[in-house]
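S.K.: need a 3D model of the sequence below.
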Amino acid sequence: MDGWEGIEEFVAVARTGSFIAGAASLGVSRTHMSRALARLEDRLGAQLLHRTTRRVLLSPTGQTFLDHCIRLVQERDEAVALIRDQGEPRGDLRITCCVALGERFIAPVARQFAKQHRQLTVYLDVTDRTIDLVAEGYDLGVRTGNLPSSDLIAAKIASRRSRTCAAPAYLERMGTPEKIADLNEHDCLTGTTLQWHFSEKGDEILYRPRPVWSCNNGYAVLEAARDGMGICQLPDFYLNDAVQSGQLVPILEEFAPPEEPIWSVYPDKRHLSPKVQRFVAALKGTLPKAMARPD
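M.R.: This is a model prediction of the structure:
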């Protein structure tokens, strides 16, 4: 028996909430839908749908099975599109990235991508939780720094620099650090990163500040630095405007850390997916310029 029989019908009914609407979406009869779903449940030995006179509801088993079936149908359609040399992204594109990059940089690219590809639904999950892409059904993640060993495919899409800064009023009051060790005598403002990164003669130096103010939001740390509360180390994109306007002054520039890579990572099986390929290309074409430090 055809292993696909009933799967597309099941997805259509689950999405529309009725056999009539599901049949219309596939261009088949209601009788065909009922028979296909009944045979699928027989093969599985489980009930997927609860049928009433007014609506169709998913059983707990059906809800679990639906997520897998949706991905099966999408990947089948993408494979057919590739063979036909159409390559138009379609279905769902699920992306995850950290809050700092997501709100300011990834979200605008994702919005534009969705506008350009009307057959695609883009889901962007902005979170600082490290998500298991395979287990949780994501197509793509955006991550920074050195990546742990894994089976994921990684492509560098941009890089970012960090700077150490303070307000002129703070430096006038407390003095300007000339060495990394001088930070021991200063008020430090920290975010989610517990260690600050520096470089001296090509060697990486990690410094663990003792904060007088800490917040898991980079913009809150930036505002504290503007307010003269102390010294911060943040990625350039937080600091550029404040440095250009003179509200913050870069310090310890001779010990500035090297650029930190930004990666797109995705499961190997999605490597040839048109939606993933094109979105990675959009990130590569957009992020480096958007995140560049002004001259």
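
S.K.: contacts, neighbours, all on C-alpha from now
M.R.: OK.

S.K.: roughly how far does Ala100 sit from Arg161?
M.R.: 14 Å (C-alpha to C-alpha, to the nearest Å).

S.K.: equivalent analysis for Thr130, please.
M.R.: Taking C-alpha to C-alpha, one finds Thr130 at 22 Å from Arg161.

S.K.: which of the two has more neighbours?
M.R.: More crowded of Thr130 and Arg161, by other C-alpha atoms under 10 Å: Arg161, with 17 against 11.

S.K.: ok, the more buried one touching Glu259?
M.R.: Yes - using C-alpha atoms under 8 Å, Arg161 is in contact with Glu259, at 4.8 Å.

S.K.: so where do the helices sit in the chain?
M.R.: 7-16, 19-26, 30-44, 60-83, 99-101, 107-116, 168-174, 218-226, 236-245, 274-291 (DSSP state H).

S.K.: packing partners of the first one?
M.R.: To tie it back to what came earlier, the one meant is helix 7-16. Here helix 7-16 touches helix 19-26, helix 30-44, strand 56-58, helix 60-83, going by 3 or more C-alpha pairs under 8 Å, 6 or more residues apart in numbering; DSSP states H and E.

S.K.: go through these and find the least confident stretch.
M.R.: Sorting these by mean pLDDT places helix 60-83 lowest, at a mean of 78.

S.K.: can you give me how far that helix is from the chain middle?
M.R.: 21 Å (C-alpha atoms, centre = their mean, to the nearest Å).

S.K.: for the stretch 51-200 of the chain, give me the ranges with low pLDDT.
M.R.: Along the stretch 51-200 of the chain, segments meeting pLDDT under 70 span 53, 78-79, 81-87.

S.K.: can you rerun that using 50?
M.R.: When residues are selected by pLDDT under 50, those of the stretch 51-200 of the chain lie in 85.

S.K.: near the closest residue to Pro235 other than its chain neighbours, how many other residues are there?
M.R.: Computed as C-alpha to C-alpha, 6 or more residues apart in numbering, the closest residue to Pro235 that is not its neighbour in sequence is Ser162, at 4.0 Å. With neighbours defined by other C-alpha under 10 Å, the count for Ser162 comes to 20.

S.K.: could you check how far Ser162 is from Gln112?
M.R.: 28 Å.

S.K.: residue contacts, the nearest residue to Ala154 once chain neighbours are set aside?
M.R.: Nearest residue to Ala154, sequence neighbours excluded (C-alpha to C-alpha, 6+ apart): Val265, at 4.4 Å. By C-alpha atoms under 8 Å, 6 or more residues apart in numbering, the contact set of Val265 is 140-143, 152-155.

S.K.: do that again at 10 Å, thanks
M.R.: 95-96, 133, 139-143, 147, 151-157, 271, 276, 280 (C-alpha atoms under 10 Å, 6 or more residues apart in numbering).

S.K.: need the strands for the stretch 101-250 of the chain, in chain order.
M.R.: Ranges of strands in the stretch 101-250 of the chain, per DSSP state E, counting those that start in this stretch, are 120-126, 140-144, 153-160, 162-166, 188-190, 196-200, 203-207, 211-214, 231-235, 249-251.

S.K.: closest one to Leu57 among these?
M.R.: Across those, Leu57 has its closest neighbour in strand 120-126 (23.5 Å, C-alpha to C-alpha).

S.K.: mind listing the strands the closest one pairs with, and their directions?
M.R.: strand 91-97 (parallel) (DSSP bridges).

S.K.: chain center to the partner strand, what's the gap?
M.R.: 8 Å.

S.K.: so Pro60 makes contact with Gln47?
M.R.: Yes - using C-alpha atoms under 10 Å, Pro60 is in contact with Gln47, at 9.0 Å.

S.K.: among the two, which residue is more densely surrounded?
M.R.: A count of neighbours by other C-alpha under 10 Å puts Gln47 above the other of Pro60 and Gln47, at 16 against 13.

S.K.: check the gap between the more buried one and Gln112 for me.
M.R.: The separation that Gln47 has from Gln112, given C-alpha to C-alpha, amounts to 41 Å.

S.K.: please apply the same query to Ala21.
M.R.: On the measure of C-alpha to C-alpha, Ala21 and Gln112 end up 31 Å apart.

S.K.: the residue lying closest to Arg39 once chain neighbours are set aside - how many residues pack around it?
M.R.: Nearest-residue entry for Arg39: Gly6, 7.1 Å, with adjacent residues in sequence omitted and distances by C-alpha to C-alpha, 6+ apart. Using other C-alpha under 10 Å, the number of residues around Gly6 comes to 21.

S.K.: please consider this matter closed, and thank you.
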